[in-house]
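Asker: Just need the structure, nothing else, for what follows:
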Amino acid sequence: MDISFYVIQALNGIQYGFLLFLVASGLTLVFGVMGIINLAHGSFFMMGAYLALWLARHTGSLFSALPIALLFATAVAFLAERLAFRHLYRRRHLDHVLLTYGFILIFNELQRILWGNDVHSVPAPDLLAGSIPLTATQSYPVYRIFISIVCLGVAFGLAVAIRSTRFGMAIRAGVVNREMVEALGIDTNKLFAAVFCLGAGLAAFAGMIAAPVEAVYPGIGETFLIVSFVVVVIGGIGSLRGAFVGAMAIGLADAFGKALMPQFAGIGIYAVMAALLLWRPQGLFGEKQA
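Answerer: Numbers count the residues shown, from 1 in each chain. From the prediction side, this is the model:
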């Protein structure tokens, strides 16, 4: 195997890691601020993928579909938070699991009614449909590079917003001490709604831009949800930095595992998680529980 093989796998791992970060960052924010275990988080990824599929077919352009799909997914998230999730903030985690699992069933049934059980593909935009040559015989798709660049921009913007805005300071304070945030006069109802919509929007956006490189199929949301939970556990609950590092580690482990040891590819990421938790049970950047 020449050097181009390792370059391609590294690029694939980074691209997959960025997608995982978008999903896992929303998951860790929702849990860190709101204390909600949202099993339906992957359903917003699925929603984004299917909306990209449907709107791209009707508009003829994935780029035209993205803002419409993102607005729709965020509106659905807002309604879900206002009508259902807001009643869980003081409830047990078992209640979170039961309600959000119910949402998974609802979203999956709606998906089957609207699009059936077939596997679909979404073509990449014509502008990004080519590839960049790496060697005389190897090339790399432009659209995958585009995904990495866009996700990096979103990650940078999210980091700046969390660290440098009043909304970001409220989020960070909410992760540390929700009661103190309320005592300071911050409207936690609005804060929680905004955080939930942000997390769902990140997951939906990841599904939209992933549609051309991932087959759009029933259950795609649960697939990404499980791996995103692994990312959150590795990075530490409530830590965006941990989510980023964990996503990159899992992305690279998955890409090289599938290429070098395909027979063990299904357990590689869980082996990484188990090994790390033996060393740091709280995750890379999580805080030890008293």
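Asker: For the stretch 1-150 of the chain, which segments count as helices?
Answerer: 3-29, 41-59, 62-83, 93-115, 142-164 (DSSP state H, counting those that start in this stretch).
Asker: wait, which of the ones you listed is closest to Pro262?
Answerer: helix 3-29 (12.3 Å; C-beta to C-beta). C-beta here means a position set from N, CA and C on the backbone, and glycine is covered the same way.
Asker: what is the rounded mean pLDDT of the closest one?
Answerer: For helix 3-29, mean pLDDT is 91.
Asker: Next, the angle from that helix to helix 62-83.
Answerer: 30 degrees (axes from the mean of the first three to the mean of the last three C-alpha atoms, to 10 degrees).
Asker: quick one: helix 3-29 to chain centroid distance?
Answerer: 11 Å (C-alpha atoms, centre = their mean, to the nearest Å).
Asker: JSON lines for the helices of the stretch 1-150 of the chain, including distance to Gln282?
Answerer: Below are the helices of the stretch 1-150 of the chain laid out as JSON lines (distance: least, C-beta to C-beta, whole Å):
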{"stretch": "helix 3-29", "distance to Gln282": "13"}
{"stretch": "helix 41-59", "distance to Gln282": "21"}
{"stretch": "helix 62-83", "distance to Gln282": "28"}
{"stretch": "helix 93-115", "distance to Gln282": "18"}
{"stretch": "helix 142-164", "distance to Gln282": "20"}
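Asker: and Gly246, which of these is closest to it?
Answerer: Of those, nearest to Gly246 by C-beta to C-beta is helix 3-29, at 6.9 Å.
Asker: now for the closest one, which elements pack on it?
Answerer: Under the contact criterion of 3 or more C-beta pairs under 8 Å, 6 or more residues apart in numbering; DSSP states H and E, helix 3-29 touches helix 41-59, strand 139-141, helix 142-164, helix 188-210, helix 220-235, helix 240-260.
Asker: Sort out which residues of the first one are buried, please.
Answerer: Same thing as helix 41-59. Neighbour-count burial for helix 41-59 flags 41-56 (criterion: 16 or more other C-beta atoms under 10 Å).
Asker: Mind picking the two most distant members of the residues you listed?
Answerer: Largest separation among the buried residues of helix 41-59 by C-beta to C-beta: His41 and Ala56, giving 23.3 Å.
Asker: What's the local residue count around Gly32?
Answerer: Gly32 is flanked by 24 other residues according to other C-beta atoms under 10 Å.
Asker: swap in Ala259?
Answerer: 16.
Asker: Touching, it and Phe5? I think so.
Answerer: Yes. Distance between Ala259 and Phe5: 7.4 Å, which falls inside the contact criterion (C-beta atoms under 8 Å).
Asker: residues contacting Glu182?
Answerer: Thr188 (C-beta atoms under 8 Å, 6 or more residues apart in numbering).
Asker: sec struct for it, please.
Answerer: On the three-state scheme (DSSP: H, G, I helix; E, B strand; the rest coil), Glu182 is labelled helix.
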